[in-house]
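Visitor: What follows is a predicted protein model with its sequence.
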Amino acid sequence: MAEEAPVKLIQIGPKGGTKKDGFNLVTERVVAVNPEAKQLEVELLAYDGKTVVLDVGDEAFEDFLKIKPGDGATIRVVEEGGKRIAKSFRIRAKDPNAAKADAMLIDLKDSHWLNRKYAAEVLGELKDPRAVVPLVEALSDEVGDVRQRAYDSLIKIGGSAVSSLVPLLVSEEDDVRQSATEIIRKIGKPAVEPLATALAEADDRLKTRIMKVLDRMGYKPKAKEGAQAEPAKLLS
């Protein structure tokens, strides 16, 4: 029985436009580049992070040299001789701040406290929401300077950090509980809405702590008769 011819892949062009052999592979992250071997590895987010290695055609090599690990790209790919060949690239360079935040999130777990301290400080300046949980965890760091930088950075990040800080209001560790309380108070008005949301779902112990924090900030939940509490509002 004769072998079947490989399926010809067709890229659908704009309506009324030309069609080209191949297909578009969209990636949010280039994992590795190897100019000597004319290959690159890309992560396929739609396949839970699976990676694929592509060979690079001569016509795309100049653009290939501009790609860096961490970039995203739309790549036109064709199959030739059983290989996937990249024929052209449209590069989406990674936001430099996002790349910096990625590095700082790694350094926040570093064994050297100076690296953790610097990372905690920079993450506050970048205000990347992904830093909230790691910074909250850093409030329990063994080094005081790291804890202080995490404290300061969570204040800078502001309202989006509050929901992760609320559980610490009932921490068994006095220092952690006090830090969370002070951070929320210093965030100020942007903390009110997430506190009010947490209040509706809190157990009695946590509810008492949230009410106390709101009271110290000059806020309290204002409820209508026979209705659930509205978001906390400033006392007049």
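Guide: All right, it came through fine.

Visitor: what bits of the protein have low per-residue confidence?
Guide: 1-21, 45-47, 93, 220-236 (pLDDT under 70).

Visitor: How is it partitioned into domains?
Guide: What automatic domain parsing lists as the domains of the chain is 20-92, 96-234.

Visitor: Now for the spatially most central residue of the chain: which residues touch it?
Guide: Geometric centre of the chain, nearest residue: Arg130, 4.1 Å, by Cα atoms, centre = their mean. Arg130 is in contact with 101, 105, counting by Cβ atoms under 8 Å, 6 or more residues apart in numbering. All C-beta atoms are positioned from the backbone trio N, CA, C, and that covers glycine.

Visitor: Just the buried residues of stretch 128-142, please?
Guide: 128, 131-132, 134-136, 138-139, 141 (16 or more other Cβ atoms under 10 Å).

Visitor: can you check stretch 205-218 too?
Guide: Neighbour counts using 16+ other Cβ under 10 Å place 206, 209-211, 213-214, 217 of stretch 205-218 among the buried residues.

Visitor: Skipping its backbone neighbours, what lies nearest Met104 in space?
Guide: Ala119 (4.2 Å; Cβ to Cβ, 6 or more residues apart in numbering).

Visitor: Shouldn't the residue nearest to the centre of the chain be within a strand?
Guide: No. Counting by DSSP: H, G, I helix; E, B strand; the rest coil, Arg130 is not found in a strand; it is helix.

Visitor: where's it relative to Ile155, distance?
Guide: 17 Å (Cβ to Cβ, to the nearest Å).

Visitor: ok, which stretches of the chain are helices?
Guide: Counting by DSSP state H, the chain has helices at residues 61-64, 96-107, 113-126, 132-138, 144-157, 162-165, 174-187, 192-201, 204-217.
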